[in-house]
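Undergrad: The amino acid sequence is not available; the structure is as follows:
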């Protein structure tokens with residue numbers, strides 16, 4: 001009996017290589033349709049997964065590109081800031097060079113005044129009587145102006161255009177800014193003689209050494225502040241030169257008028273009045289005995305090398321302490337090594353500090369005049385005896401007070 005074909009199955013014939021029999025496979029219709037569908041789904045899933053992976057890769061690359069772009073913008077901003085800083089520095093150096101040229105021009109006028117003064121001195125010398133041993137007014141005035149002429153030579157040596165760093169190193173070694181004589185009829189005291197006299201007075205005094213102050217370590221100067229420091233030095237030198245020109249001009253005028261007795265009397269009165277008002281900075285206490293100078297010393301408590309940020313002036317407890325210049329009190333407090341202390345800020349940018357006080361008569365915010373009493377000398381804080389620690393601060397750095405005031 002002949003078998004009936006099964007319509008629910010599909011027969012697949014697999015033709016292999018020549019000489020090999022044909023294989024016959026029978027698959028059900030659902031399976032025959034399911035296999036292509038499964039293959040299609042597999043391909044679709046593969047394509048979808050590849051698309052998702054590609055999208056993630058593109059997103060990551062875009063994020064990296066954005067980060068690189070931001071980094072590039074930041075680098076460009078930094079470069080722009082550096083360029084701006086360089087432009088400002090070049091501008092400042094140019095201004096300093098112009099100021100150096102201005103100072104050299106002023107020095108030329110000072111040299112001309114010196115020659116004029118010298119001719120007056122020679123004229124007065126030849127016309128004076130041989131029996132008159134008293135110095136004339138012009139000779140005394142010329143003697144008083146000689147330190148300024150020597151100082152001008154030092155400034156000229158340091159005024160080379162464009163040599164900013166050299167100017168700083170040389171001008172910082174010239175402490176003649178505060179060595180102007182207050183009385184043109186008195187002799188000039190050099191810095192060496194002054195220091196020697198202070199040491200001799202301290203050794204010959206019966207007052208025991210009285211020193212103190214904060215322990216401050218030594219740090220190197222920030223080279224970025226050189227331009228600003230040079231600008232400040234130029235301002236001080238310009239002020240000094242203007243004062244030199246004024247003093248020499250006054251001296252010449254006085255010498256020309258010194259031919260008559262009336263002119264001599266007027267010149268003497270003018271000098272006395274000028275000497276009375278001359279000091280720009282007053283000595284802060286009645287005592288003149290300096291027991292510890294500014295700079296490096298052996299610390300009185302630790303016995304090791306330390307930096308002393310001011311000068312110590314011996315005295316008695318309760319002695320009045322005066323404001324060295326007009327200004328505003330910014331601090332009047334008590335703190336550790338300083339003891340009771342006062343800080344005054346002045347219009348010229350300087351600050352004066354007064355430490356180890358026994359008492360204070362001013363408060364923060366008070367305006368004080370030059371010479372006004374602000375406190376009493378004492379022995380508070382890190383101190384070995386009654387004294388005043390007097391300190392001058394410029395641009396947040398202590399400087400030698402003896403460059404601004406003399407006892």
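TA: In hand now; what should we look at? Since the structure is predicted, the reported quantities are computational estimates derived from the model, not experimental observations.

Undergrad: which stretch of helix or strand covers the residue nearest to residue 9 when sequence neighbours are not counted?
TA: Closest residue to residue 9 apart from its sequence neighbours, by C-beta to C-beta, 6 or more residues apart in numbering: residue 26 at 4.9 Å. No exception for glycine: its C-beta is placed from N, CA and C like everyone else's. Under the criterion of DSSP states H and E, residue 26 resides in strand 23-28.

Undergrad: So which elements touch that strand?
TA: Here strand 23-28 touches strand 9-14, going by 3 or more C-beta pairs under 8 Å, 6 or more residues apart in numbering; DSSP states H and E.

Undergrad: Starting from the strand it packs on, tell me which strands it pairs with and how they run.
TA: strand 23-28 (antiparallel) (DSSP bridges).

Undergrad: List phi and psi for residue 18.
TA: Note on residue 18: backbone dihedrals following degrees, to the nearest 10 are phi -60, psi 140.

Undergrad: you'd agree residue 29 is up against residue 35?
TA: No. Here residue 29 does not reach residue 35: they are 11.3 Å apart, not a contact under C-beta atoms under 8 Å.

Undergrad: hang on, the earlier thing: the residue nearest to residue 9 and residue 13 touch, don't they?
TA: No. Using C-beta under 8 Å, residue 26 is not in contact with residue 13; the gap is 10.3 Å.

Undergrad: ok, back up a step: toward the C-terminus, what is the element adjacent to the strand holding residue 26?
TA: helix 29-127.

Undergrad: Could you chop the protein up by domain?
TA: 9-77, 281-407 (automatic domain parsing).

Undergrad: In JSON lines, list those domains along with mean pLDDT.
TA: Shown next, in JSON lines, are these (pLDDT from 0 to 100):
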{"stretch": "domain 9-77", "mean pLDDT": "83"}
{"stretch": "domain 281-407", "mean pLDDT": "93"}
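
Undergrad: among these, which is the most enclosed?
TA: domain 281-407 (a mean of 18; mean count of other C-beta atoms under 10 Å).

Undergrad: now the end-to-end length of it.
TA: Counting by C-alpha to C-alpha, to the nearest Å, you get 11 Å between the two ends of domain 281-407.

Undergrad: Same check on stretch 357-369?
TA: Using C-alpha to C-alpha, the distance between the terminal residues of stretch 357-369 is 19 Å.

Undergrad: Could you tell me the phi and psi values at the closest residue to residue 323 other than its chain neighbours?
TA: Among residues not flanking residue 323 along the chain, residue 368 sits closest, at 4.5 Å (C-beta to C-beta, 6+ apart). Taking degrees, to the nearest 10, you get phi -120, psi 150 for the backbone angles of residue 368.

Undergrad: Quick one: distance of the strand holding residue 26 to the chain centre.
TA: Offset of strand 23-28 from its chain centre (C-alpha atoms, centre = their mean, to the nearest Å): 99 Å.

Undergrad: can you state the direction angle for that strand and helix 29-127?
TA: Interaxial angle, strand 23-28 versus helix 29-127 (axes from the mean of the first three to the mean of the last three C-alpha atoms, to 10 degrees): 90 degrees.

Undergrad: rewinding a little: export the domains of the chain as TSV, with columns for distance to residue 84.
TA: Formatted as TSV, those follow (distance: least, C-beta to C-beta, whole Å):
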stretch	distance to residue 84
domain 9-77	10
domain 281-407	23
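
Undergrad: Secondary structure class of residue 364, three-state.
TA: Secondary structure assignment for residue 364 (DSSP: H, G, I helix; E, B strand; the rest coil): coil.

Undergrad: can you pull out the helices in the protein?
TA: For the chain, the helices defined by DSSP state H occupy 29-127, 137-157, 164-171, 191-204, 226-257, 261-277.

Undergrad: which one of the domains of the chain lies closest to residue 265?
TA: domain 281-407 (28.5 Å; C-beta to C-beta).

Undergrad: what's the burial count for residue 270?
TA: Counted with other C-beta atoms under 10 Å, residues neighbouring residue 270 total 15.

Undergrad: who's in contact with it?
TA: Residues in contact with residue 270 (C-beta atoms under 8 Å, 6 or more residues apart in numbering) are 250, 254.

Undergrad: That one and residue 250: what is the separation?
TA: 8 Å (C-beta to C-beta, to the nearest Å).

Undergrad: Residue 333 now?
TA: From residue 333 over to residue 250 the distance is 44 Å, taken as C-beta to C-beta.

Undergrad: and what of residue 405?
TA: For residue 405 relative to residue 250 (C-beta to C-beta), the value is 23 Å.

Undergrad: do the same with residue 394
TA: Taking C-beta to C-beta, one finds residue 394 at 29 Å from residue 250.
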